[in-house]
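Novice: Mind folding the following:
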Amino acid sequence: MRLVSKGLPPVTVPKITNTPYDQAQRTLEGVGLTISQSGEEYSQKVANGGIISQDPAAGTKVDKGSTVNVVVSLGPPLVTVPNVVDDPVDSAVATLKAAGFTVEIYEPFGISPLNRVASQDPKGGTQAPKGSVVRIGII
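Specialist: Next up, the predicted model:
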């Protein structure tokens with residue numbers, strides 16, 4: 001009688017999406033798998049350095065030693081911050097929100113009789129992550 005090996009027992013691919021790359025690598029190595037970055041993409045949902053997608057998918061049975069390909073997040077896309085200095089507050093807020101930013105308003109002098117933007121951070125024309133806060137000072 002001749003015995004033929006069926007090879008190593010298969011392992012189940014764990015879910016590693018939405019986790020940081022180094023944590024995903026440790027998780028995969030813990031079950032005998034390796035990781036390979038197959039690409040990078042911007043993501044509004046997955047933090048910079050996190051795993052957006054994996055192949056093979058979680059729950060798939062694969063041979064021990066197999067490679068899991070991942071796409072890593074670059075974080076939210078960068079967009080140009082509109083310059084709203086000297087704009088009326090309502091117009092400035094609408095412009096910033098339309099560009100994908102959250103707006104924080106402050107009154108540096110405690111009052112704002114002119115109801116206009118005197119300063120902004122980050123400055124207009126710079127790049128910032130979509131969804132980040134632009135702080136405007138009004139006078």
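
Novice: Contacts only, for Pro122.
Specialist: By C-beta atoms under 8 Å, 6 or more residues apart in numbering, the residues touching Pro122 are Val81, Ala128, Val134. Quick note: C-beta positions are derived from backbone N, CA and C, even for glycine.

Novice: er, Val31 actually
Specialist: Val11, Thr12, Pro14, Lys64.

Novice: of all these, which comes closest to Gly75?
Specialist: Pro14 (23.6 Å; C-beta to C-beta).

Novice: Quick check: pLDDT value at that closest one.
Specialist: Pro14 is assigned 98 on the pLDDT scale.

Novice: if we can go back for a sec, so which of the contacts of Pro122 sit within strands?
Specialist: Ala128, Val134 (DSSP state E).

Novice: Quick one: which of the contacts of Pro122 is the most crowded by neighbours?
Specialist: Val134 (24 neighbours; other C-beta atoms under 10 Å).

Novice: ok, the nearest residue to that residue once chain neighbours are set aside to Val93 distance?
Specialist: Spatial nearest neighbour of Val134, chain neighbours left out: Phe101 (4.6 Å); criterion: C-beta to C-beta, 6 or more residues apart in numbering. From Phe101 across to Val93, the span is 10 Å (C-beta to C-beta, to the nearest Å).

Novice: So which of the two has more stuff around it?
Specialist: Neighbour count, other C-beta under 10 Å: between Phe101 and Val93, Phe101 has more, with 21 against 18.

Novice: The more buried one and Pro129 touch, don't they?
Specialist: No: using C-beta atoms under 8 Å, Phe101 makes no contact with Pro129, being 9.2 Å away.

Novice: Got the phi and psi for the residue most central in space within the chain?
Specialist: For the chain, the residue nearest the mean C-alpha position is Gly75 (2.6 Å; C-alpha atoms, centre = their mean). Here is the backbone geometry of Gly75 (degrees, to the nearest 10): phi 80, psi -170.
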